[in-house]
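A.B. asks: The following block contains a protein sequence and its predicted model.
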Amino acid sequence: MYALLAIGFSLIFGVARIVNIAHTAFYMLAAYCFYTLLAKTGLGFLLSGLISVGGVTAFSVLCYRLVIEPVREHEAAVLIATIALALIFQELMLFTFGGHFLGIPSTLEGAVRLLGVSIPYQRLLILAVAAAMLIIVWYVLYRTRLGLAIRATANDLEVANLMGMNVHRVAMATVALSVSLAAVAGVVVAPVFVVDPFMWLAPLVTMLAIVVLGGLGSLKGSLIGALIIGYVEAITVFAVPAGAYLKGAVALLIMVVVLLARPEGLFGVAFEEER
Amino acid sequence: MLRSFTVGLAALAFAAVGNSGAHAQTIKIAILGPMAFVQGENHWAGAEMARDEINKAGGITVGGKRMQVELIRADTNEMTSVPDATNAVERVITRDKADFLIGGFRSEAVLAMQEVAMDYKKIFLGAGAAHSKLGANVEANYDRYKYWFRYTPTKDTDLARTLFAVMGSIAQQVRTELKTDAPKVALLAEKAVWTEGLIAAAQKNLPAMKMEVAGLWQPSATATDVTAELSAIDRSGAHIVFTMLSGPVGIVVGRQMGERNMKAVAWGINVEGQKDEFWKAAAGKAQFVATLDTYAEVEMTPKTIPFVRAFKQRYNKAPTYNAATYDAIMFLRANIEQVGSLDADRLVAAMEKAEHVGTGSIVTFDKRHDLVWAVGKTAGIAVQWQDGQKVPFWPPNVKGMKPFKLPAR
């Protein structure tokens, strides 16, 4: 889940220089959408999941056109606008569903025991879906014309513009791709976690730690950063059981240390450099 | 122009008379709670039932005059903002002219709300917060805080007494069924102020009760994944997981224990586990999760079963302890009718001496205006989730209780 969220966040930052704080709020919207379709309309897991991902992705494009694009030239304004969007989504969910904690049945029931550790099938499904999504993203980025345009824009926006690329359209496509990853994460994770209006906050913090560790704008860095932070969180719980609540703080500490010691992260580009 | 002015003046005068008349005819009770959350919903639902019952019977008799009850719904939004909670109290007192205040949930917010209520010398019946300081304030500065009474739940240290009483009975069952002398107990407490005293008490009391503490795990109250914690608890060989959870992590714990097919049984405080929605929220995986609770269809008092049934019929779900706003209003009515006045000081004096048989407890107050703790009176009940049903099992001598079950090994 962390990898899907972090890669999406990194992608949109790398291409469009948009720090999308609302990224995990879209993940929350997808989880609510999935819950509603599954519990209220009786559609199956697959159909509910596809509609949720499609609907939230389309909605993100609308948000981009109406809220982000008009202020895109001003980074601070974009940051504030995305924070506002996230809070609006949170309050809308609170208004619509109340503060109830909602649960979704597992897509796959049961568990397998590996090396003495019980792993529910739902977790393995998340792993499989995450792997499939990462392969799809890799394919789109490195084997399609859209991917070429995205990478060119990420490399140098001005030159891409001068070469005749419609950079606004590329940015919009990147927003869609990035939010679709968040939406997939929301759909596959909803049956494991609890759906509530504040569920976007905790992953936001972890996701920021991951992208800083991996390097802002680096997809490879996001993937490796997600693995590192995930392990660090688990190790924190095992090493300091009474301090399990500190796992988020440990992730943030890593973020601060990386910012101080190596601001470009593991695989990112130094801030001082002009791309 | 003159005619319009005269008509306007007459309308204003009529409105003023109408308002004062309405105010004089009603007793205004503000129900304070996080209305977007289950706690607030129960605050309001319990109060609605009391209001309808009283008004249908003709109202409250105050010095020979019948007065209707008018509720003011005040959303404190205390889950996300303590200032919103104090603003809500200020508003219902100054703008809505509330005569009495009932409700509150989060101790942090209720401590702040208590200050505002005491500034205005308004009687405030707590129906949600457990922190000892609320009652300690009364003892430390009686003249200022005497208008505060904690109607439900018992204070945190008394909650611990109940928890250990039930723990003793579960441990005995573990000893018998699993043939072990010293059951192992894993402490799983969210990181919050209210759990600190309970953790210290558990670490001290459990060895004295011939139980072994297998370790302490403290996830965040909003943790969405406790896989690592549960893996470690599994490896510790714990027979009982002593839960101290008020946040959504309670659902995650119940669900993931079920998914992992854990052999340890969960007992303690799991606020989410008290709600009817818990089983569904935990995707039907929270088998054998047990928690302290207040309401079930058992004869805690002669009023318990009729109230729970009426509540279920009206709201399609069972009440949580916050629905004791019903009892708080009935308690207020009894004292107002006895005193024959709405005067706060006279009512405080009467309430300090009163005993009230409510729907979930039999209430008397100590010098801190906290409930006097007693099993079968104010200690509450214990329930366990069994096949989608919340089954009451403690205190065992109360009519309607059923057996506690351990997971099959």
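C.D. replies: Cool, the structure landed.
A.B. asks: residues touching the closest residue to B:R260 other than its chain neighbours, list them.
C.D. replies: With Cβ to Cβ, 6 or more residues apart in numbering or on different chains as the criterion, B:R260 has its nearest non-adjacent residue at 4.7 Å, and that residue is A:S118. Quick note: C-beta positions are derived from backbone N, CA and C, even for glycine. For A:S118, the contact set (Cβ atoms under 8 Å, 6 or more residues apart in numbering or on different chains) comprises A:A111, A:V112, B:D234, B:E259, B:R260, B:N261.
A.B. asks: filter those to the buried ones?
C.D. replies: Using 16 or more other Cβ atoms under 10 Å in any protein chain shown as the burial test, the contacts of A:S118 include A:A111, B:D234, B:E259, B:R260, B:N261 as buried.
A.B. asks: wait, the fourth one sits on A:V112?
C.D. replies: By that I understand B:R260. No: using Cβ atoms under 8 Å, B:R260 is not in contact with A:V112, being 11.5 Å away.
A.B. asks: about what we covered before: could you pick out which of the buried ones among the contacts of A:S118 are located in helices?
C.D. replies: B:D234, B:E259 (DSSP state H).
A.B. asks: Can you add pLDDT and distance to B:T301 and give the buried ones among the contacts of A:S118 back as CSV?
C.D. replies: CSV is the format used below for these (pLDDT from 0 to 100; distance: Cβ to Cβ, whole Å):
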residue, pLDDT, distance to B:T301
A:A111, 80, 44
B:D234, 90, 41
B:E259, 86, 38
B:R260, 85, 39
B:N261, 86, 39
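A.B. asks: thinking again about what came up before, what distance do you get for the residue nearest to B:R260 to B:N261?
C.D. replies: 6 Å (Cβ to Cβ, to the nearest Å).
A.B. asks: joint contacts of these two?
C.D. replies: A:A111.
A.B. asks: of the buried ones among the contacts of A:S118, closest to A:V170?
C.D. replies: Of all those, A:V170 sits closest to B:E259, with 42.2 Å by Cβ to Cβ.
A.B. asks: give me the number of residues near residue 59?
C.D. replies: Defaulting to chain A. 17 (other Cβ atoms under 10 Å in any protein chain shown).
A.B. asks: switch to chain B, that's the one I care about
C.D. replies: 17.
A.B. asks: Before we move on, what's the pLDDT of it?
C.D. replies: Note on B:G59: pLDDT of 96.
A.B. asks: quick one: it and B:M67, what's the gap?
C.D. replies: In terms of Cβ to Cβ, B:G59 sits 5 Å off from B:M67.
A.B. asks: Need the residues that contact the helix or strand containing A:E233.
C.D. replies: In this structure, A:E233 sits in helix A:219-239 according to DSSP states H and E. If you take Cβ under 8 Å, 6+ apart as the criterion, helix A:219-239 is touched by A:2-3, A:6-7, A:9-11, A:14, A:134, A:137, A:141, A:206, A:209-215, A:243-244, A:246-248, A:250-251, A:254, A:265-268, B:217, B:219, B:227-229, B:232.
A.B. asks: Out of these, name the ones that lie in strands.
C.D. replies: B:W217 (DSSP state E).
A.B. asks: of the contacts of helix A:219-239, buried ones?
C.D. replies: A:2-3, A:6-7, A:9-11, A:14, A:134, A:137, A:141, A:206, A:209-215, A:243-244, A:246-248, A:250-251, A:254, A:265-268, B:217, B:219, B:227-229, B:232.
A.B. asks: Just the ones of these in helices?
C.D. replies: Of the positions in those, A:2-3, A:6-7, A:9-11, A:14, A:134, A:137, A:141, A:206, A:209-214, A:247-248, A:250-251, A:254, B:227-229, B:232 sit in helices, assigned by DSSP H.
A.B. asks: Give me the below-cutoff pLDDT ranges for chain B.
C.D. replies: Applying pLDDT under 70 to chain B picks out residues B:1-24.
A.B. asks: what about the helices in chain B?
C.D. replies: B:2-25, B:38-56, B:82-94, B:107-119, B:133-140, B:142-145, B:156-178, B:193-208, B:227-236, B:249-259, B:278-281, B:304-315, B:325-339, B:344-353.
A.B. asks: my bad, should have said chain A
C.D. replies: Counting by DSSP H, chain A has helices at residues A:2-16, A:23-36, A:45-63, A:75-97, A:121-143, A:145-155, A:157-162, A:167-189, A:201-214, A:219-239, A:247-261.
A.B. asks: Quickly note the distance from A:G44 to chain B.
C.D. replies: 16 Å (Cβ to the nearest Cβ, to the nearest Å).
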